[in-house]
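>>> Pasting the sequence and the predicted model now:
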Amino acid sequence: MTSPHVAVIGAGIAGLSCAASLQQGGIRVSVFDKSRGPAGRMSTRRGDDWQCDHGAQYFTARDAAFRAEVAHWERAGVAAQWHPRMRRFDADGTSSGISGATERFVGAPRMTAPAAWLASNLALYTSMEISAVRREDAGWRLHTTGAGALDRNYDAVVLAVPAPQAAPLLRDIAPEQAVLAAATPMEGCWSMMLQYAAPLTLDFDAAFINRGPLRWVARDSGKPGRGGAECWLLHASAAWSEAHLELDAGSVAALLLPAFAELGPPAPQRWSAHRWRYASTPRPRREVCIWEAAQGLGLCGDWLNGGTVEAAWLSGRALAQRIAAG
């Protein structure tokens, strides 16, 4: 019998985990993503002599299966443990150091590296936005923005995209799942990348901020495998980002840079900003993944399983196992 062919929409860590697991099990897979490369929110912005992870900042590995996967990444040289000097700044004006045995990992030499490694042996089609999924007698047909319908059918389709993007794709083919996705809101996040001519003389490399508009800051250039100019990343809180989601970048900078300056650094030489419209899920669901075997339709992603890199990988792997089981 001919091996089934599965289309995975979304090349973030959930989609790549699902696709890699399926392919390892002998199932043909094609992965589609609207971006220029894989990684989703495990993203890195790059320029002349600088780079900055402006999405996911690090990940943990508490599940044994995921820790084993991360060990593979470490051996492949695409992930490493990160040991920053960490602080917490509280609303009452106090600050304190953070210690503990938490293992924190980052992609190396940039956060996109694990995704690129997973995608290296997959059939990946980038810069291709899927606008509709239709069920035909011969299987699933994908329709793209601008180019129309693709010229082949697939035996199954996996949606590995944020809930608000999954909902419209599901509306005509799986109304109940469309309602589920639509009822799972995701929050945005403004991020800023700051470049400096010399390393900052601060007593921390990363910090959780519990006051004002910021929630996280980190010396990105101090992560393992990084080089180039001194670069810091700022993440605004979800509440602040949602309230200011439609501001232009200049207005965002005018509000976030003074908040960072309160922690001691000077003004940056250069900065850039990025708006993540779907950055986090305040109340992720607990389904882990969804598989409609009769239709050949699956859903995976961190919005189904806890909102972390680890949760996304586990969601994709669990879906692959269910697909392989029939």
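Right, received. Where do you want to start?

>>> Give me the secondary structure label for the spatially most central residue of the chain.
With distances taken as CA atoms, centre = their mean, the residue of the chain nearest its centroid is Arg41 (2.5 Å). Using DSSP: H, G, I helix; E, B strand; the rest coil, the three-state assignment for Arg41 comes out as coil.

>>> So what does it have for phi and psi?
With angles defined as degrees, to the nearest 10, Arg41 sits at phi -80, psi 0.

>>> so it touches Gly55, yeah?
Yes. Here Arg41 reaches Gly55: they are 4.0 Å apart, a contact under CB atoms under 8 Å. Placement of C-beta: from N, CA and C, glycine included.

>>> Can you check which residues contact both of those two?
276, 279 (CB atoms under 8 Å, 6 or more residues apart in numbering).

>>> What score does Thr2 have for pLDDT?
On pLDDT, Thr2 comes in at 74.

>>> check which helix or strand covers it.
Assigned by DSSP states H and E, Thr2 falls within no helix or strand.

>>> Within its local environment, how many residues does it see?
By other CB atoms under 10 Å, the residues close to Thr2 number 6.

>>> Leaving out chain neighbours, which residue sits closest to Gly326?
Leaving aside its sequence neighbours, Gly326 sits nearest to Ala293 (CB to CB, 6 or more residues apart in numbering; 6.8 Å).

>>> Return the backbone torsion pair for that neighbour.
According to degrees, to the nearest 10, Ala293 has phi -60, psi -40.

>>> go on, Gly77?
When read as degrees, to the nearest 10, the backbone of Gly77 gives phi 80, psi 20.

>>> just Leu245 next, same as before
Torsion angles at Leu245 (phi, psi; degrees, to the nearest 10) stand at phi -60, psi -30.

>>> What of Gly15?
The phi/psi pair for Gly15 (degrees, to the nearest 10) is phi -60, psi -40.

>>> what's the spacing between it and Leu159?
9 Å (CB to CB, to the nearest Å).

>>> what touches both of those two?
When CB under 8 Å, 6+ apart defines a contact, the residues bordering Gly15 and Leu159 alike are 9, 300.

>>> Please save the CA atoms from the helix or strand where Arg87 lies in PDB.
If you go by DSSP H and E, Arg87 is part of strand 86-89. Below are the C-alpha coordinates for strand 86-89, written out as PDB (Å, rounded to 0.1, in the frame of the first residue of the first chain):
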ATOM      1  CA  MET A  86      19.000  36.600  37.000                       C
ATOM      2  CA  ARG A  87      17.100  39.200  39.100                       C
ATOM      3  CA  ARG A  88      13.500  40.000  39.800                       C
ATOM      4  CA  PHE A  89      12.200  43.600  40.100                       C
END
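
>>> The helix or strand following that strand: how far from the chain's middle?
Per DSSP H and E, the first helix or strand lying C-terminal to strand 86-89 is strand 95-98. Offset of strand 95-98 from its chain centre (CA atoms, centre = their mean, to the nearest Å): 27 Å.

>>> For strand 95-98, enumerate the helices and strands it packs against.
Judged by 3 or more CB pairs under 8 Å, 6 or more residues apart in numbering; DSSP states H and E, the packing partners of strand 95-98 are strand 86-89.

>>> Which of the residues in stretch 65-81 are classified as buried?
By neighbour count on 16 or more other CB atoms under 10 Å, the buried set for stretch 65-81 is 66, 69-70, 73, 78-80.
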